[in-house]
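# could you work out the structure for the sequence below:
(2 chains)
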There are 2 protein chains.
Amino acid sequence: MTRTVDVPDLVARARSGEPRAVARLISLVEDASPHLRDVAAALAPHTGRAQVIGITGSPGVGKSTMTSQLVSALRRKELRVGVLAVDPTSPFSGGALLGDRVRMQDHATDPGVFIRSMASRGHLGGLSWATPQALRVLDAAGCDVVLIETVGVGQSEVEVAGLADTTLVLVAPGMGDGIQAAKAGILEIADVFVVNKADRDGADQTVRELKHGLSLARRERLGPSWRAPVVRAVAARGEGIDDLVAAIGEHRSWLVDRGELEHRRQARAAAEVEAIALAQLRSRIGDLRGGTALDQLAKRVAAGEVDPYAAADDLVEGLR
Amino acid sequence: MTRTVDVPDLVARARSGEPRAVARLISLVEDASPHLRDVAAALAPHTGRAQVIGITGSPGVGKSTMTSQLVSALRRKELRVGVLAVDPTSPFSGGALLGDRVRMQDHATDPGVFIRSMASRGHLGGLSWATPQALRVLDAAGCDVVLIETVGVGQSEVEVAGLADTTLVLVAPGMGDGIQAAKAGILEIADVFVVNKADRDGADQTVRELKHGLSLARRERLGPSWRAPVVRAVAARGEGIDDLVAAIGEHRSWLVDRGELEHRRQARAAAEVEAIALAQLRSRIGDLRGGTALDQLAKRVAAGEVDPYAAADDLVEGLR
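Residues are numbered from 1 along each chain as shown, chains lettered A, B, ... in the order given. Now for the predicted structure:
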């Protein structure tokens, strides 16, 4: 199916808040369409405004319910909200998270909310490479806040922290998450901890474990730094949401006051540019592979005629 | 500590079977020492001989016990055997798998067996990038067979399949592994399935699940292909080991007869060369980062002055 794409027109319509134009732009970046570069260029002047909040945590911890509650709270402040739900465990687009997305249906008819599920590309998990581009679409479309929700598996939680201004890590009592967090390096990426389902047995212990882990981690750092608060909530009943919104606001003020927001965003842009550059280089190597340069080198390596480092030198030389 | 390294001498001593020289060479490649390239060049002419067998499976499935049994079986045939135990979950070198390695102590004093534990480099799992180089050391040292054992988490099992001529996937009854295997794309990487602990309840069901999954997967493929057998074993009692060795031998014959062994090894070499080339390019980009080129671009991207694709073009241009 060929379809003419008028990128400037699409961007103009997305900026006026037309949901279909927003959806189409995200599809264009997600499918790595030939228009991807045009879209990126057209979006650039309109980006950099949205506040980006990452939400991660183990399966079953209540991320979708919490996301839905945050959307409601932000809408009460008359903010435009985008939601990117990224499922790094699914190789399939779109439908992967529909089960969970049912909880988001409260917002499906709200013209001030854009919701998009994204699957990861490729076989092996990790945040979709298209996520930063989709974020740019929502940013340019005038979202004041974009929530990026992803399940905490493998490196996706680290990647979501890389994209977000503020990263929320949800844990629940009795899942051993407090101790897990300390082990898995989660203490470093969380700007705000949320103990969800805090009406359950073990909530106090989970809060204690987190605070203990945080105090140990803090001691290892030099100089003053943000002290990640631990917020209790029961998302299913809307409890603790105001505290969470307040904590997010405090973190944002801290970021702005210290120039850290600018710093994080530049680091994010650097990572994005670097990833795109590497993808380009990889694809050139792929072209070389198709063009038999890599295959010829590989044959010689397999035969012991040349070592893989010398072969890699030849390959890099061939890119010039 | 500076230590003079006589690479040709080390390689000569490793080839004569001196364990300390083998260990030293693996350390040199594992630590990405300045001698890495010299080592790779000196090893190249002596590589490509060893048969490589990958062993993967969930934690607790009995991989180390099975590996130890396979070593014994191969030693009875008077073959020299190398074992690389890669723990992709540990950021620490060496000691990571020592608990399990206790089972390998039967072979610790056997001069025909080299055993090496390797941790993954970097924070986020995946097989150690040094594994292919360590494999080359063992190959050049005259190992007839190298067993690469890794726990099946995330992409490590896919990576081990990429390194091996024959990949064994171990499952155990009652762990839901049969169904998991069908879900997780394991059916595609296994050349031989081993239902270990086959004296336990549920072994028949696990075998059925695997065979069912395999028959479905086979139907989706075009043309004839290897039919991965399902072997029952009780590694702790040495049962089923002969069947397993036979199955590995049949797979090897199949590979050789169809020219597939050569094809796999070239694909492996291509992947290795590509990975080294990309690492070189990434490090050059890193140099650019230090040299402020990437930082300047990132600032402009964050400010919306340029889109990330155009910035990446500039960056790649700067590599020339």
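# mind listing what's buried along the helix or strand hosting A:S253?
Element membership of A:S253, judged by DSSP states H and E, is helix A:241-257. Taking 16 or more other CB atoms under 10 Å in any protein chain shown as the basis for neighbour counts, the residues of helix A:241-257 that come out buried are A:241, A:244-245, A:247-248, A:251-252, A:254-255. Backbone N, C-alpha and C define where each C-beta goes, glycine included.
# between these, which is nearest chain B?
Each of the buried residues of helix A:241-257 was scored against chain B by CB to the nearest CB, and A:L255 proved nearest at 13.8 Å.
# spit out the contact partners of that closest one.
By CB atoms under 8 Å, 6 or more residues apart in numbering or on different chains, the residues touching A:L255 are A:165-166, A:261, A:264.
# mind running it again at 7 Å?
Residues in contact with A:L255 (CB atoms under 7 Å, 6 or more residues apart in numbering or on different chains) are A:165, A:261, A:264.
# cool, and A:G62?
Contacts of A:G62 by CB under 7 Å, 6+ apart are A:170, A:172, A:196-197, A:235-236.
# lowest-confidence one in these?
On pLDDT alone, A:A172 ranks lowest of the contacts of A:G62, at 89.
# low-confidence ranges in the stretch 101-250 of chain A?
Filtered on pLDDT under 70, the stretch 101-250 of chain A yields the residue ranges A:101-105, A:119-129, A:152-159, A:175-185, A:218-224.
# the helices in it, which residues?
In chain order, the stretch 101-250 of chain A shows helices spanning A:131-140, A:156-163, A:177-183, A:186-189, A:203-220, A:241-257, with DSSP state H, counting those that start in this stretch as the criterion.
# most tightly packed of those?
Using mean count of other CB atoms under 10 Å in any protein chain shown, the stretch among those with the largest mean neighbour count is helix A:131-140, at a mean of 25.
# who wins on neighbours among the contacts of A:L255?
Within the contacts of A:L255, neighbour counts (other CB atoms under 10 Å in any protein chain shown) peak at A:D165, which reaches 22 neighbours.
# can you give me phi and psi for that one?
Here is the backbone geometry of A:D165 (degrees, to the nearest 10): phi -70, psi -40.
# chain B contacts on the stretch 201-320 of chain A?
Contact residues, the stretch 201-320 of chain A versus chain B (CB under 7 Å from any CB of the partner chain): A:265-266, A:269-270, A:272-274, A:276-278, A:280-282, A:285, A:289, A:294-295, A:297-299, A:301-304, A:306-312, A:315-316, A:320.
# mind doing that once more with 8 Å?
Counting by CB under 8 Å from any CB of the partner chain, the positions of the stretch 201-320 of chain A adjacent to chain B are A:262, A:265-270, A:272-274, A:276-278, A:280-282, A:285, A:289, A:294-295, A:297-299, A:301-313, A:315-316, A:319-320.
# A:G54 contacts A:V146, correct?
No: A:G54 lies out of contact with A:V146 (CB atoms under 8 Å); the separation is 9.6 Å.
# which of the helices or strands spans A:R37?
Secondary structure assigned from DSSP H and E places A:R37 in helix A:36-43.
# got a list of contacts for that helix?
Applying CB under 8 Å, 6+ apart, the external contacts of helix A:36-43 come out as A:7-8, A:10-11, A:25, A:28-29, A:33, A:133, A:136-137, A:139-140, B:307-310.
# PyMOL command for the buried members of those?
The buried subset of those, as determined by 16+ other CB under 10 Å, is captured in PyMOL by this line:
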select buried, (chain A and resi 7+10+11+25+28+29+133+136+137+139+140) or (chain B and resi 307+308+309+310)
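# out of the contacts of helix A:36-43, name the ones that lie in helices.
Under the assignment DSSP state H, these contribute A:7-8, A:10-11, A:25, A:28-29, A:133, A:136-137, A:139-140, B:308-310 to helices.
# before we move on, back to that, just the buried ones from the residues of the stretch 201-320 of chain A next to chain B?
A:265-266, A:268-270, A:272-274, A:276-278, A:280-281, A:285, A:289, A:294-295, A:297-299, A:301-304, A:306-313, A:315-316, A:319.
# out of the residues you listed, which sit inside strands?
In strands, defined here by DSSP state E, there are no members of these.
# end-to-end on stretch A:249-267?
Taking CA to CA, to the nearest Å, the span from the opening residue of stretch A:249-267 to its closing residue is 21 Å.
# can you check stretch A:145-162 too?
Between the opening and closing residues of stretch A:145-162 we find a distance of 16 Å, counting by CA to CA.
# who's in contact with the residue nearest to A:T67 when sequence neighbours are not counted?
Spatially, and ignoring its direct neighbours in sequence, A:T67 is nearest to A:E149 (5.0 Å; CB to CB, 6 or more residues apart in numbering or on different chains). Contact analysis of A:E149 by CB under 8 Å, 6+ apart lists A:54-56, A:63-64, A:67, A:83-86.
# equivalent analysis for A:G240, please.
In this structure, A:G240 makes contact with A:194, A:198, A:231-234, judged by CB under 8 Å, 6+ apart.
# any idea which of those has the most stuff around it?
A:V194 (30 neighbours).
# that one reaches A:V245, doesn't it?
No: A:V194 sits out of contact with A:V245 when judged by CB under 8 Å, with a separation of 11.3 Å.
# wait, A:A298 sits on B:A267?
Yes: between A:A298 and B:A267 there is a contact at 7.3 Å, judged by CB under 8 Å.
# let's have the contacts of A:E149 in JSON lines, adding secondary structure and neighbour count.
Conversion of the contacts of A:E149 to JSON lines gives the following (DSSP: H, G, I helix; E, B strand; the rest coil; neighbours: other CB atoms under 10 Å in any protein chain shown):
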{"residue": "A:G54", "secondary structure": "strand", "neighbour count": "27"}
{"residue": "A:I55", "secondary structure": "strand", "neighbour count": "28"}
{"residue": "A:T56", "secondary structure": "strand", "neighbour count": "27"}
{"residue": "A:K63", "secondary structure": "helix", "neighbour count": "26"}
{"residue": "A:S64", "secondary structure": "helix", "neighbour count": "21"}
{"residue": "A:T67", "secondary structure": "helix", "neighbour count": "27"}
{"residue": "A:V83", "secondary structure": "strand", "neighbour count": "26"}
{"residue": "A:L84", "secondary structure": "strand", "neighbour count": "27"}
{"residue": "A:A85", "secondary structure": "strand", "neighbour count": "24"}
{"residue": "A:V86", "secondary structure": "strand", "neighbour count": "28"}
